[in-house]
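Asker: Have a look at this prediction, sequence included:
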Amino acid sequence: MDTASATTMKALNFLATPANQRATAPTNLTSQTPPTKPNSHTLHLQSSNPRSRAISLTRCSTKPDTDTDNQKDQNSTVEPDLNSKPLNPSPPTSVDPLSSPLSSFPSSSTKGLVFDLGVENSWDGAGVGSPVVKRFLGDEEERWYMWYHGRSDSNPGSDSIGLAVSSNGVHWNRGRGAVQSSQDVGLVMSSGKDWWAFDTLSIRPSEVVVMSSSKVRASSAVYWLYYTGYSREKVEISEVPIGLENPERSGEVFKSLPGLAISQDGRHWARIEGEHHSGALFDVGLEKDWDSSFIAGSHVVFHERGDLRMYYHSFDLENGHYGIGIARSRDGMKWVKLGKIIGGGRSGGFDELGAMNPCVVRKRGSGEYLMAYEGVVGNGGRSIGLAVSRDGLKDWTRCGDEAVLKSSEESGWDSNGVGSPCLVQMDGEEDEWRLYYIGVGIGGRTGIGMAVSEGSDYRSFRRWAGFHL
């Protein structure tokens, strides 16, 4: 960097709780070598706009530049170098065993369960969900990261975001509390503290896009976390349809909007303030629009240079069903809505009342887009379905009339519903697929499960029951 350029740059240091800081206005992001202080990461940002300076020094400006050639698809399992510190950490320093003990379930009832509630008094001891799973391959090892939402018994009305790590995507290391270093796991991001913000009540992860050097002009990978933020503002609906709630299992309908945060290690996050006055990336639609109630589940796919797609869900008050829409962006921050792409299914079907929580993957080889989504049946029950598209835009076709994953038997840990799917395409002779999901059991207890495809046939999944030798 030349001297003239350096004089216009500012350094924003964020520690273990950086998510309370917000950054605004478009400029360039420079990723630096990890600093020597274990709890500190430095983002070099261009000077803030006047509005930001007038309010506080913590609201700086940043806009990563994604207008570069993308050499490989974002869903490739070969991502950033595992030998770098952010992606190949030493053993976590605040780790519990796999999960809280599963002895409360009969052994026959835990099929598919890979991540239970946290231990007593932990940040995720009362609920878990919204799995966002990424697999990274190095020369000598593989490492799995899972961002997910959790809530505690002490604050059951508010979800936070945490990180767990694994060497095989099945047995996970997790933390009781907030992360303290770049080698730690546990709570990584809490609800916003600014009274005017869109995410003061609760937050849930929707997708993490790893911007490698082929996607962003930076010296190392940068994580972009797209998440759903919930405020305490309730949606004004004259007659609330039976079963409508936002977030799920809250019993009420709160307004939610999409947000963005960035990180250099996947643990310490800085919120990026969007164009909406609340800091969100964009607002709900107008009164008669299909997405006028809330925006949730904002899953982002990096298609190619200057082309990112966001898939999200809302509730169409006019037609009485959940729907999935799409927005498009050149830089990942400014979005243009293109409309609803999936609505209610056939009468009596598993998704009669619509689709929500989309997860979209661009398949290796064919380039076809595959969407897993949470289908809502007439009585409010949840299961998981699939849809495919040639170009990932508006032309989507459901994969049959049946769900690919349904609730388990009556005594199962996920007998009351499954949803929030996350697809991972494996590599090998059969190109197996993994489907991570949230399961709801008796009394509303939640857990995260995994199902695997029958070879490369993504239309057929079975709950994981152990490795086959």
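Answerer: That came in fine, so what should we check first?
Asker: for Gly443, helix, strand, or coil?
Answerer: helix (DSSP: H, G, I helix; E, B strand; the rest coil).
Asker: For Ser314, give its distance to His321.
Answerer: 10 Å (Cβ to Cβ, to the nearest Å). Where C-beta positions appear, they are placed from N, C-alpha and C, glycine not excepted.
Asker: So the two - more neighbours on which side?
Answerer: Ser314 (25 against 22; other Cβ atoms under 10 Å).
Asker: where's the more buried one, which helix or strand?
Answerer: Element membership for Ser314 (DSSP states H and E) is strand 307-316.
Asker: same question, Leu423
Answerer: strand 417-425.
Asker: what's that strand packed up against?
Answerer: strand 127-137, strand 355-362, strand 369-376, strand 382-389, strand 433-440 (3 or more Cβ pairs under 8 Å, 6 or more residues apart in numbering; DSSP states H and E).
Asker: Figure out which of these is closest to Leu163.
Answerer: strand 127-137 (9.7 Å; Cβ to Cβ).
Asker: Paired strands for the helix or strand just after that closest one, with orientation please.
Answerer: Scanning forward in sequence from strand 127-137 by DSSP H and E, the next helix or strand is strand 142-151. Strand 142-151 has the following sheet partners, assigned by DSSP bridges: strand 127-137 (antiparallel), strand 160-166 (antiparallel).
Asker: Taking the centroid of the protein, which residue is nearest it?
Answerer: Ser206 (2.3 Å; Cα atoms, centre = their mean).
Asker: Can you tell me the element that one falls in?
Answerer: Going by DSSP H and E, Ser206 is in strand 202-211.
Asker: re the thing from before, give the rounded mean pLDDT of the strand holding Ser314.
Answerer: Per-residue pLDDT over strand 307-316 has a mean of 96.
Asker: What of stretch 126-135?
Answerer: pLDDT averaged over stretch 126-135 gives 97.
Asker: rewinding a little: any idea how far the residue nearest to the centre of the chain is from Val235?
Answerer: Separation of Ser206 from Val235 (Cβ to Cβ): 19 Å.
Asker: re the thing from before, so which of the helices and strands packed on strand 417-425 is nearest Thr397?
Answerer: Closest to Thr397 of the helices and strands packed on strand 417-425, according to Cβ to Cβ: strand 382-389, at 5.7 Å.
Asker: helix or strand right after that closest one?
Answerer: strand 396-398.
Asker: buried residues in that following strand?
Answerer: 396, 398 (16 or more other Cβ atoms under 10 Å).
Asker: partner strands of that strand, parallel or antiparallel?
Answerer: Counting by DSSP bridges, strand 396-398 is paired with strand 382-389 (antiparallel).
Asker: what's the distance between the strand it pairs with and the middle of its chain?
Answerer: 17 Å (Cα atoms, centre = their mean, to the nearest Å).
Asker: who's in contact with Pro258?
Answerer: 206, 226-229, 274, 280-282, 295, 298, 310, 312 (Cβ atoms under 8 Å, 6 or more residues apart in numbering).
Asker: Tell me which of the residues you listed fall in strands.
Answerer: 206, 226-229, 298, 310, 312 (DSSP state E).
Asker: which one of the residues you listed is nearest Val360?
Answerer: Met310 (9.5 Å).
Asker: Let me know whether the closest one touches Ala296 as I believe.
Answerer: No - applying Cβ atoms under 8 Å as the test, Met310 and Ala296 come out as separate, 11.7 Å apart.
Asker: Nearest to Arg151, out of the helices and strands packed on strand 417-425?
Answerer: Per Cβ to Cβ, nearest to Arg151 of those: strand 127-137, 4.6 Å.
Asker: Need the residues that contact the closest one.
Answerer: In contact with strand 127-137 (Cβ under 8 Å, 6+ apart) are residues 77-80, 82, 87, 115-118, 142-151, 156, 159, 169, 204-208, 210, 420, 422, 424, 426, 434, 436-438, 446-448.
Asker: Tell me who's in contact with Ala355.
Answerer: 313, 322-324, 342-343, 345, 373-376, 385, 387.
Asker: With neighbour count and distance to Trp290 as added columns, please give these in a markdown table.
Answerer: Formatted as a markdown table, the contacts of Ala355 follow (neighbours: other Cβ atoms under 10 Å; distance: Cβ to Cβ, whole Å):
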| residue | neighbour count | distance to Trp290 |
| --- | --- | --- |
| His313 | 27 | 10 |
| Tyr322 | 27 | 10 |
| Gly323 | 21 | 6 |
| Ile324 | 26 | 10 |
| Ile342 | 28 | 11 |
| Gly343 | 17 | 8 |
| Gly345 | 20 | 16 |
| Tyr373 | 30 | 16 |
| Glu374 | 28 | 17 |
| Gly375 | 30 | 18 |
| Val376 | 27 | 15 |
| Gly385 | 25 | 19 |
| Ala387 | 21 | 17 |
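Asker: could I get those residues as a markdown table with distance to Asp351?
Answerer: As requested, those are exported to a markdown table (distance: Cβ to Cβ, whole Å):
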| residue | distance to Asp351 |
| --- | --- |
| His313 | 12 |
| Tyr322 | 9 |
| Gly323 | 11 |
| Ile324 | 10 |
| Ile342 | 9 |
| Gly343 | 9 |
| Gly345 | 4 |
| Tyr373 | 8 |
| Glu374 | 8 |
| Gly375 | 3 |
| Val376 | 6 |
| Gly385 | 6 |
| Ala387 | 10 |
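Asker: filter the ones in strands among the contacts of Pro258 to the buried ones?
Answerer: 206, 226-229, 298, 310, 312.
Asker: ok, which pair from those residues is furthest apart?
Answerer: Across these (Cβ to Cβ), the longest gap, 14.6 Å, separates Gly229 and Met310.
Asker: Please report how far Met441 lies from Ile295.
Answerer: Slight slip there: residue 441 is Gly, not Met. Counting by Cβ to Cβ, the gap from Gly441 to Ile295 is 29 Å.
Asker: Those two: which has the busier surroundings?
Answerer: In this view Gly441 and Ile295 are compared by other Cβ under 10 Å, and Ile295 has more residues nearby, 28 against 20.
Asker: which residues touch the more buried one?
Answerer: 228, 256-258, 280, 282-284, 312, 314.
Asker: where does the stretch 1-150 of the chain have low pLDDT?
Answerer: Low-confidence segments of the stretch 1-150 of the chain, defined by pLDDT under 70: 1-108.
Asker: No more questions from me, cheers.
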